[in-house]
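**Q** Below are the sequence and a predicted model for it; my questions follow.
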Amino acid sequence: MTKNRRSRDWYGMMDKDGFIRRSWMKSQGFPDHAFDGRPIIGICNTWSELTPCNAGLRELAEGVKRGVWEAGGFPVEFPVVSLGETQMKPTAMLFRNLLSMDVEESIRAYGMDGVVLLGGCDKTTPGQLMGAASVDLPTIVVSAGPMLSGKWKGRDLGSGTDVRKFALDVKAGDMTLKDFMDTESNMSRSKGVCMTMGSASTMSSLVEAMGMSLPMNGTLPAVDARRMTLAHMTGKRIVEMVEEDLKLSDVLKRENFENGIIANAALGGSSNSVMHLLALAGRVGVELSLSDFEIGSEIPLLVNCMPSGKYLMEDFCYAGGVPAVLKEVSHLLHDTQTVMGKSITHYYEDAETYNRDVIFPFDAPFKPAAGLRVLTGNLAPLGAIIKPSAASEHLLEHQGEAYVFETIEELKANIDRDDLPVDENTILVLKNCGPKGYPGMPEVGDISIPAKLVKQGVRDIVRISDARMSGTAFGTVILHVAPEASAGGPLALVKTGDQIRLSAKNGDLTLLISQEEMEARRAEWVAPEPHYTRGYASLYIKHVLQADAGADFDFLVGKDTRPVTRESH
């Protein structure tokens, strides 16, 4: 048996405290030999009926338990707060840090030696990893997996991406409301996360590319029996990781994050990955900045998947999945450690591509140089981002007149006015939707195209905000402008009629007014009142960092691996 195993301090003591813990656990039917010193494995489950993406995690937990028992461990499942991106108001992102706190303190307070993270929906995977990183035990991820492809009238439907397109079609009069409502019951056909390359599928794929899960974690459909097999094998592997003392920090080095950035570009992954990788790096203690995401800016897009392409996650899985993409970019990847105790090369060395219309070769890509671009300039001193693979190429170099919405309420009340003074060259600006201002930095950055322009056939214009957008969204959208408007960033000073210049090629976002005018406006600016003054949201507003630092809490950056020594009785 491994000496000094963490669980020994909970269950190995022959005194009153050891008696109490063992006795109460035995009330669930566990026998004496479950406490014989074998590794205790926590299964951190974000299952909830309010998080449909994660509806399959109850079953996957049973698969993990089978693998843990087989390997000689003792599995113990525990719940944490679950974040349903499609269900929560004002935004699930407001609660990502709360989930991370729940995970961190649960792992720290309970006597486990290693942990399996069961997540899926957008914020659950990064929130769980952030919390686990701050305790730094042996850790591995099993994702919920994407749902089956939507089907309607002989065509595939993609989560998020198609509903946005259909909403524009209804606005333009090209789709009936009856057909729009009919697609609702045909889009989400099984449990699982968005089957487009949205934030959830992006994060589960990046977890795989960074070596924090077993191969194929990113793409196996939620209802595919092979995902249950993956859960079983993950349970077996976490016991081995405890025996090897292979901790989360042993895997997540800077090189793993760089591999993740490269993979994200090749996959056409979500812009939300920037926020989550920055926050996770801060917890692990890896130096990572927004500018590092330029690593992926010249990487070609290899995966023809919505929203950047036409296929869905099922197709991507059957075409070869993440391992096939890693093989295509293998000459760019670092030879890194993984949870398998083997190099990342083990994940892709035998990979094959079975459909070249889904996964393109590196030297003949689906789209060239399509990775996320980092923008700076006087409008975004701390940076902003744009996703060229989902944008209109002709708008990536653009100058136009701003039309400003000070709040989301103002935007919703006015965006479809027939007399809205905008045209296809206008740049829409939305303020006060950042981490502090909303609060929580919601996915409203892909501002709806004004109805008057949609009726003219316009489907994309440049949009700028301090918000995020869904990974399933598309368009020429500038996001994560930092500092945000509510914190006094230059975005707060933009007025309708100002000229703004965007150059994705040069990484530039500039408000074309003089420095003197900028300072005069700043002197007149008054910070908006916070939306919340009590509870968790108030804590969030006071302590959340800006987008360029991943919007983590200032007091959560880093980790605390000290053993818990004080007893409860």
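**A** Arrived safely.

**Q** Name the single longest helix found in the protein.
**A** helix 225-244 (DSSP state H).

**Q** Can you give the distance from that helix to the centre of its chain?
**A** Distance of helix 225-244 from the chain centroid (CA atoms, centre = their mean, to the nearest Å) equals 23 Å.

**Q** Could you list every helix and strand in contact with that helix?
**A** strand 40-45, helix 57-70, strand 114-119, strand 139-143 (3 or more CB pairs under 8 Å, 6 or more residues apart in numbering; DSSP states H and E). C-beta: built from backbone N, CA, C; applies to glycine.

**Q** among those, which is nearest His569?
**A** Closest to His569 of these, according to CB to CB: strand 40-45, at 19.6 Å.

**Q** what does the closest one rub up against?
**A** 7, 10-11, 57-58, 61, 64-65, 68, 73-80, 103, 106-107, 110-118, 128, 132, 235, 238-239, 242 (CB atoms under 8 Å, 6 or more residues apart in numbering).

**Q** Name all residues that make contact with Ser149.
**A** Contacts of Ser149 (CB under 8 Å, 6+ apart): Asp156, Leu157, Gly158, Arg189, Met195, Leu312, Met313, Glu314, Asp315.

**Q** was I right about the second one contacting Glu184?
**A** What that stands for is Leu157. No: applying CB atoms under 8 Å as the test, Leu157 and Glu184 come out as separate, 10.0 Å apart.

**Q** the more surrounded of these two?
**A** Just comparing Leu157 and Glu184: by other CB atoms under 10 Å the higher neighbour count belongs to Leu157, 24 against 12.

**Q** how much space between the more buried one and Asp548?
**A** 35 Å (CB to CB, to the nearest Å).

**Q** And for Thr161?
**A** Thr161 sits 27 Å away from Asp548, going by CB to CB.

**Q** got it, and Leu277?
**A** Taken as CB to CB, the span from Leu277 to Asp548 is 12 Å.

**Q** Can you turn the buried part of the contacts of Ser149 into a ChimeraX selection?
**A** The buried subset of the contacts of Ser149, as determined by 16 or more other CB atoms under 10 Å, is captured in ChimeraX by this line:
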select :156,157,158,195,312,313,314,315
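
**Q** Closest to Ser143 out of the contacts of Ser149?
**A** Met313 (11.3 Å).

**Q** Surely that closest one touches Met216?
**A** No: using CB under 8 Å, Met313 is not in contact with Met216; the gap is 11.8 Å.

**Q** What helices and strands are in contact with the longest strand anywhere in the chain?
**A** What stands out as the longest strand in the chain, according to DSSP state E, is strand 397-405. Counting contacts by 3+ CB pairs under 8 Å, 6+ apart, strand 397-405 packs against strand 427-430, strand 499-503.

**Q** So which bits of it are buried?
**A** For strand 397-405, using 16+ other CB under 10 Å, the buried residues are His398, Gly400, Ala402, Tyr403, Val404, Phe405.

**Q** mind checking how far Val170 is from Met181?
**A** In terms of CB to CB, Val170 sits 10 Å off from Met181.

**Q** So those two - more neighbours on which side?
**A** Val170 (16 against 11).

**Q** Could you point out the helix or strand that follows the helix or strand harbouring the more buried one?
**A** Using DSSP states H and E, Val170 sits within helix 161-172. Next along the chain after helix 161-172, taking DSSP H and E as the criterion, comes helix 177-187.

**Q** got the contact list for stretch 166-179?
**A** Phe180, Thr183, Asp416, Ser448, Ile449, Ala451, Val454, Lys455, Gly457, Arg459.

**Q** ok, back up a step: in its sheet, what does the longest strand of the chain sit against?
**A** strand 427-430 (parallel), strand 499-503 (antiparallel) (DSSP bridges).

**Q** Could you check the longest one and say which residues are buried?
**A** Translated: strand 499-503. For strand 499-503, the neighbour count (16+ other CB under 10 Å) marks Ile500, Arg501, Leu502, Ser503 as buried.

**Q** Mind checking the pLDDT average for that strand?
**A** Averaged across strand 499-503, pLDDT comes to 98.

**Q** Mind checking what helix or strand follows that strand in sequence?
**A** Elements were assigned by DSSP H and E; along the chain past strand 499-503, the next helix or strand is strand 508-511.

**Q** What lies in contact with that next one?
**A** Contacts for strand 508-511 (CB under 8 Å, 6+ apart): 375-380, 384, 464, 478, 481, 490, 493-494, 498-503, 518.

**Q** rerun at 7 Å
**A** 375-380, 384, 478, 490, 494, 498, 500-502 (CB atoms under 7 Å, 6 or more residues apart in numbering).

**Q** Good, wrapping up.
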